[in-house]
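Participant: Show me how the following folds:
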Amino acid sequence: MAALAALTVPAVLAAAPAPATPLDTCDPVGVCTARLVSVTADVVDGTITGTPVGGAHPITLAGQEDAYLKSTGFADPLPQAVREWDEAIDKVSGLDTDPTDPNWYGNAKARVFLPRTLNALATRFPPDTLVVHFVADESRTGTLQLVTIQPAPVDRHLG
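Facilitator: Residues are numbered from 1 along each chain as shown. Down below sits the predicted model:
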């Protein structure tokens, strides 16, 4: 039995990881683009995971507040979760984090935790709504760094 285990473990350890993203979606400088079918959010580590349209493997992404953009290209009325996404961005966009502001700490927390809030909202988007631009992240194994993340209807170009 131990001999069988010794043969099995090296095979498992030597297995190559699944590709993080389809290579044909990246530009020459390494910025990749994908439209995600649907997503799940991990509020503990602030990541979002989704499978690109036409892709076989899910990708996990993380980013700072400035990577999250308001929706574009939707006709009125906006889908409820997309409307809430835009409103959440509007709520924090003008918050002052200058230490002389008595609310600076609360404002800073709201801005820092915005990605987690938006990631949770994205789990409620209609299919194929979320467009992401991302790069490799050497500091977090298995996680890609968001350049931008934005809701856009399916008929909207990925540009």
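Participant: what are the ranges of the helices in this protein?
Facilitator: 2-14, 80-93, 104-122 (DSSP state H).
Participant: Contacts only, for the nearest residue to residue 119 once chain neighbours are set aside.
Facilitator: Excluding its sequence neighbours, the residue lying closest to residue 119 (Cβ to Cβ, 6 or more residues apart in numbering) is residue 41, at 3.8 Å. For every residue, glycine as well, the C-beta is placed using N, CA and C. Residues in contact with residue 41 (Cβ atoms under 8 Å, 6 or more residues apart in numbering) are 47-49, 116, 119-120, 122-123.
Participant: Residue 151 now?
Facilitator: By Cβ under 8 Å, 6+ apart, the neighbours of residue 151 are 71-72, 74, 82, 85, 122, 125, 129-131.
Participant: if you set the cut-off to 6 Å instead, what comes out?
Facilitator: Applying Cβ atoms under 6 Å, 6 or more residues apart in numbering, we find residue 151 in contact with 71, 82, 85, 129-130.
Participant: what do you get for residue 125?
Facilitator: Here residue 125 is in contact with residue 81 (Cβ under 6 Å, 6+ apart).
Participant: go again using 7 Å as the cut-off
Facilitator: Applying Cβ atoms under 7 Å, 6 or more residues apart in numbering to residue 125 gives the contacts 79, 81-82, 151.
Participant: any idea how far it lies from residue 150?
Facilitator: For residue 125, the distance to residue 150 (Cβ to Cβ, to the nearest Å) stands at 11 Å.
Participant: what pLDDT does the closest residue to residue 62 other than its chain neighbours get?
Facilitator: Excluding its sequence neighbours, the residue lying closest to residue 62 (Cβ to Cβ, 6+ apart) is residue 47, at 4.7 Å. Per-residue pLDDT puts residue 47 at 95.
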